[in-house]
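# need a 3D model of the following:
(chains A and B)
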Amino acid sequence: MEFTVNKSDLVRELSLSQGVVEKKTTIPILSNVLLEAADDRISLTATDLELGIRCSCPAKVKKEGSGTVPARKLLDYVRLLPEGELTMKFLENHWANITCGRSRTRIAGMSRESFPELPAMPETIAELPVKALASMISRTGFAISLEESRFTLNGALLVLRPQGMTMVATDGHRLAYVDAAPGEAAGIERSFRALIPKKAMAEISKLSDDAGPEGKAIFGGDDNHLFFQIGHRLLITRKLTGNFPDYERVLPKDHNLVATLQRDEIRSAIERVAQFADERSRAIRVQFTAGEVRIFASSVEMGESEENVPSQYEGPDLEIGFNAQYLLDFLRAIQNDQVAFELKDQKSAGELKPAGDGVVGEYRYVVMPMRI
Amino acid sequence: MKTIFHVDMDAFFVSVEELLDPSLKGKPVVVGGRPDQRGVVSAASYAVRKFGVHSAMPLRTAYKLCPQAVFLDGHPHRYREYSDQAYAVLQRFSPRVEMASIDEAYLDMTGTGRLHGPPLAAAHKLHEAVKRETGLNCSIGIGASRLIAKVASDAAKPNGVLFVLPGAEARWLAPLEVRKIPGIGKVTEKRLHDLGIRRVGDLARLDEAFLDAQFGLWGRAMAGKARGEDAGSWFDGAIGEEEAPKSISHEHTYDQDTADRERLYSTLARLCQMVGRRLREHGLFTRTVQLKLRYQDFGTITRAHTLAHATRLDTDLHRAARALFDANWSGMPVRLLGVQASSFEARQGQMSLLDQEQEERWTKALSAADQVRDRFGESAVSLARGLKGGFRERVHENPAGLPGKGPRKK
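So this is what the prediction gives:
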C-alpha cells in the first residue's frame, strides 16, 4: 500500500481515533490504527472491541492495500511534520515508510490480519439531528454511574418513537431525563430503545463538533451493536445489555413546593459553600424559607460556610441535605437563566428544571437527598 | 491507681466440651476440626498440651504430635452461651467489663473496694462465682494496668489468682521471657533475640532511643510494656470504650482448593454477610470493599473497590466483592477467599433514588436477622446465595456480638 495524504487531513481523522484506541491494552493490535487505501481515499479504523470508529479522508493512492501502525505514535509524529503532503508506503514486514519533505521515518507496524473485523452497518433505524443528540448527551452524561458493578447504569438509555426522542441516565442516586424539542425529532418514524455506553456518548459528542446545524446521524442497530454514521465517519459501539431501571417510576408526580432561583446566583453560592463540605460526602444543607434559600456546609477539619440566595418560595421552612456535586452538575449543564427547584420533603427526591423564558423540550433532573 | 482484673477461662472450648461430655475429662482433646482438615487448633486440653500441641497450630501437625487425641469440630453456639453466662457474672462485679474475646475479659475494678473488698478477696469471690454458675475454671490476673493483669492471669494458670502489687511490676516482669508480653510475637521475638534481648528485664534496661531506632514507635511501646504500662495499640483505651475499628474482615480457607464458581460466589456471599453483620454491630457504613484471593500456590492478590456511597447491606457488599472477583479471578483453584470493609462512615449519607424502598426493606430484614443470630447463633439465618455450599462456622475466639464491643449492646 502506498498513498500520499495531506498532513492536516490525516491529523484531523487520526485525532478522532485516539479516544477509541486502548491506552493500556493486553492485546497489542488494539493500540494500532488500521489504514486502508482505495479509490482515492484512505480510511482509518480503530477499536477497543467495545467501541470502533472508522474515518476517512481523500488521498492520492498509488497502490491499494492495508496495514496497521500504532495510532498514538503515528499521530504524535505526524502532528510535528510541516504542513503539506506526506507519503506512507507499507513494506513486506508490515512496517511503513513515512516521507515528508526532508523527513524520513520507518514506523513499526503489524499485520492487518490480526486486526479485528468490525460489523457492517445494518439497515437504518432513523436519522437523528446530530446537534440535538449531542446536546442531550451533555445534559445526561454526568448522571451515568461510574460504578462498574452496576453495568446497566454505565450508559444512557436512548428512546426513539415517532416524532420523539428521549435520553435518560442515572447512577441510582440522581437521574437526568431529556426530551427533544418537538421540531428536533420530526424525522423519526420508528420506535427503538437501546443503552449507549458512556464512552460511545463521549465520542458522539466529539463527532458532532464538525457537524453543521442541520447535520444528521444515520442511526442503525443490530442485536449487539449500535451504529452512528456522521458524515463520512462511522462510530460503532457494543450495546449495553441488561434492563435499564423503570425511570418513569422515579420521576416525581406530586411536588407541591417550588423555589425559583437565578441559576448563576445559586450555582456560585453552592460552588463557594461547598468548599467547606466534607470532601468525601460533599454534603450541603439547603434551607428553603419564604423568599430565600440558604446554603450551609461545615466540616470538622475545615470550618463552615453559608450563603443566602433570594428565591420565589412560599412553602413551609424545609431543610434538606444534598450532594453539592450533584446539584452543580445540573446547574452547569443548563443555559437558561432561571431554575426551578421542586420539593416534597426531607426524604423524597427533589427535582430541578430549567425555568423562565426559552425553555424548549423537557429537561428534568431528579436528585435524592442525603441524610444529614 | 487503677485496679484491673483480667479474667481468662481455662482451656475454654475444651472445658465446655468436657461439661457436655464428661468422658472427655483428662483426655487429650483438640477443638478446631478433624485431623485431616485444613485449619488450625482452636483449643487444646491440658492433657494434649503435654505433647506439644497448642492453639493456632495446624490440625495436621497436632495429629502428628498426638494421634490418639480426640479431635472435635466444636460447638460455637454453646461456647457463646457459656461466654454469655460468664459475662453475666462479671457484670455483677463491675459496670466496666470488656470481653476481649469469647473466653477472656478485662474488668475495671477501680473503686469497688467497699463493695467487694480488697482485690484478692474480690478475685476470690469472682472466681468462686464463675465456677458455681458456669461450672468452668478461670484464672485471674490483677494489676494496675491491663498489661500486668493479662500477663498475671497467664502466670496464674490454671485455675489460679495472681496479684502483682503496684510498684512491683518491673521487678516481677524482669525474669519473664519477652514473648510473654502481649503484642510480641514470633517475629519481634526473633528480632529481639538477635539483639541479645531474651528477658523482659533486658528490654526494660534498654535505652528508649535505641528501641526507637530499631523498631520505631513500636519500640517505644515495648519499652513502656517492659515497665508494666499499657502502651501502644489497643492497650491505650479505657475498658468498655473500645475504639471504632479501622477495618472489618472475614476469610475462609477451603478444605480442598476449589475452582467451582458457584461455590466461590456462595462463599463470597457468606463472607459479605459476616462483614455486614459486624458493620451493623459497630453502627458503621463502609466505602471500601476489598477482596483477598489466595491460590493453590499461595500466590495472593488483594483488590479493593471504593463505592460511590457508603453502605452496610450484605447485598451491596456482595455485589462489589463479586465484581472484584469476576474481574480478577484467573480461573485457577482457590485456597482462600477474604472480604474486608474499610473507610468507615457513621452515616449512610446519600439516599438511593432507585432502590430506597428496597434498601429500607433490606435494612429492616437484616436487623431482624441479626437479632435472630444473637439468639440462635450465626448460622441461624443466611442469604440464599450464602447457604448453598456455605461453610461450617469455625470456632472463633472473637465472634460477632461480644458484650462490651461496639455500641449495639449499650
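# from the stretch 51-200 of chain B, which residue is nearest to chain A?
Per CB to the nearest CB, B:Glu98 is where the stretch 51-200 of chain B lies closest to chain A, at 27.5 Å. C-beta: built from backbone N, CA, C; applies to glycine.
# so that residue bridges to which residues?
As for beta bridges, B:Glu98 partners with B:Tyr106 under DSSP bridges.
# I'd guessed it sits against B:Tyr106; true?
Yes - in this structure, B:Glu98 is within contact of B:Tyr106 by CB atoms under 8 Å, at 4.9 Å.
# around chain B, pick out the residues from chain A.
A:145-150, A:170-175, A:245, A:250, A:280-281, A:283, A:323, A:347, A:349, A:366-372 (CB under 8 Å from any CB of the partner chain).
# which PyMOL command selects the buried ones in those residues?
Command for PyMOL that selects the buried part of the residues of chain A next to chain B, burial taken from 16 or more other CB atoms under 10 Å in any protein chain shown:
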select buried, chain A and resi 145+147+149+150+170+171+172+173+174+175+245+250+281+283+323+349+366+367+368+369+370+372
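# sorry, back to before: which one of B:Glu98 and B:Tyr106 has more residues nearby?
B:Tyr106 (25 against 21; other CB atoms under 10 Å in any protein chain shown).
# wait, that one sits on B:Arg146?
Yes - between B:Tyr106 and B:Arg146 there is a contact at 5.7 Å, judged by CB under 8 Å.
# nearest to chain B within the stretch 51-200 of chain A, name that residue for me.
Counting by CB to the nearest CB, the stretch 51-200 of chain A gets nearest chain B through A:Ser149, at 3.6 Å.
# what sits against that residue?
By CB atoms under 8 Å, 6 or more residues apart in numbering or on different chains, the residues touching A:Ser149 are B:305, B:319-320, B:322-323.
# just the pLDDT for it.
On pLDDT, A:Ser149 comes in at 74.
# the one 4 residues further on too?
Looking at A:Leu153, its pLDDT is 90.
# helix/strand/coil for the closest residue to it other than its chain neighbours?
In this structure, A:Leu153 finds its nearest non-sequential neighbour in A:Ser145, 3.7 Å apart by CB to CB, 6 or more residues apart in numbering or on different chains. Under DSSP: H, G, I helix; E, B strand; the rest coil, the three-state class of A:Ser145 is coil.
# which residues touch A:Ser145?
A:Ser145 makes contacts with A:153-154, A:170-172, B:308, as judged by CB under 8 Å, 6+ apart.
# which residues touch the residue of the stretch 251-372 of chain A at minimum distance from chain B?
Closest residue of the stretch 251-372 of chain A to chain B, CB to the nearest CB: A:Met368 (4.3 Å). By CB under 8 Å, 6+ apart, the contact set of A:Met368 is A:173-174, A:349-350, B:350-353, B:356.
# so which of those are in strands?
Using DSSP state E, the members of those that fall within strands are A:174, A:350.
# adding distance to B:Glu169, write the contacts of A:Met368 out as JSON lines.
Below are the contacts of A:Met368 laid out as JSON lines (distance: CB to CB, whole Å):
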{"residue": "A:His173", "distance to B:Glu169": "56"}
{"residue": "A:Arg174", "distance to B:Glu169": "60"}
{"residue": "A:Ala349", "distance to B:Glu169": "62"}
{"residue": "A:Gly350", "distance to B:Glu169": "62"}
{"residue": "B:Gln350", "distance to B:Glu169": "51"}
{"residue": "B:Met351", "distance to B:Glu169": "53"}
{"residue": "B:Ser352", "distance to B:Glu169": "55"}
{"residue": "B:Leu353", "distance to B:Glu169": "59"}
{"residue": "B:Gln356", "distance to B:Glu169": "56"}
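# picking that back up, ok, the contacts of A:Ser145 vs B:Ile4, which is closest?
Checking those against B:Ile4 by CB to CB gives B:Ala308 as the nearest, at 44.4 Å.
# that closest one - that's part of a strand, no?
Yes - checked against three-state DSSP, B:Ala308 lies within a strand.
# can you report how many residues lie near it?
B:Ala308 has 14 neighbours, counted by other CB under 10 Å.
# that one touches A:His173, doesn't it?
Yes - checked against CB under 8 Å, the pair B:Ala308 and A:His173 is within contact range at 7.3 Å.
# overlap of the contact sets of the two?
Between them, B:Ala308 and A:His173 have B:Gln350 as joint contacts when contacts are counted by CB under 8 Å, 6+ apart.
# and stretch B:158-172, how far from the chain's centre?
25 Å (CA atoms, centre = their mean, to the nearest Å).
# repeat that for stretch B:343-362.
Taking mean C-alpha positions (CA atoms, centre = their mean), stretch B:343-362 and its chain are 30 Å apart.
# and that stretch with chain A, contact?
Yes - for a cut-off given as CB under 8 Å from any CB, stretch B:343-362 has contacts with chain A, namely B:345, B:347-356.
# contacting residues for residue 307?
Since you didn't name a chain, this refers to chain A. Contacts for A:Glu307 (CB under 8 Å, 6+ apart) come out as A:269, A:272-273, A:294-295.
# please go with chain B instead
Taking CB under 8 Å, 6+ apart, we find B:Leu307 in contact with A:147, B:286-289, B:316, B:320.
# please report how far it lies from B:Leu313.
Counting by CB to CB, to the nearest Å, the gap from B:Leu307 to B:Leu313 is 11 Å.
# contacting residues for A:Ile144?
Neighbouring residues of A:Ile144 by CB under 8 Å, 6+ apart: A:153-156, A:169-171, A:198, A:201.
# oh, that last question was meant for B:Thr253, not what I typed.
Here B:Thr253 is in contact with B:38-39, B:335-336 (CB under 8 Å, 6+ apart).
# next structured bit after the helix or strand where B:Ile301 lies?
Assigned by DSSP states H and E, B:Ile301 belongs to strand B:300-311. Scanning forward in sequence from strand B:300-311 by DSSP H and E, the next helix or strand is helix B:314-328.
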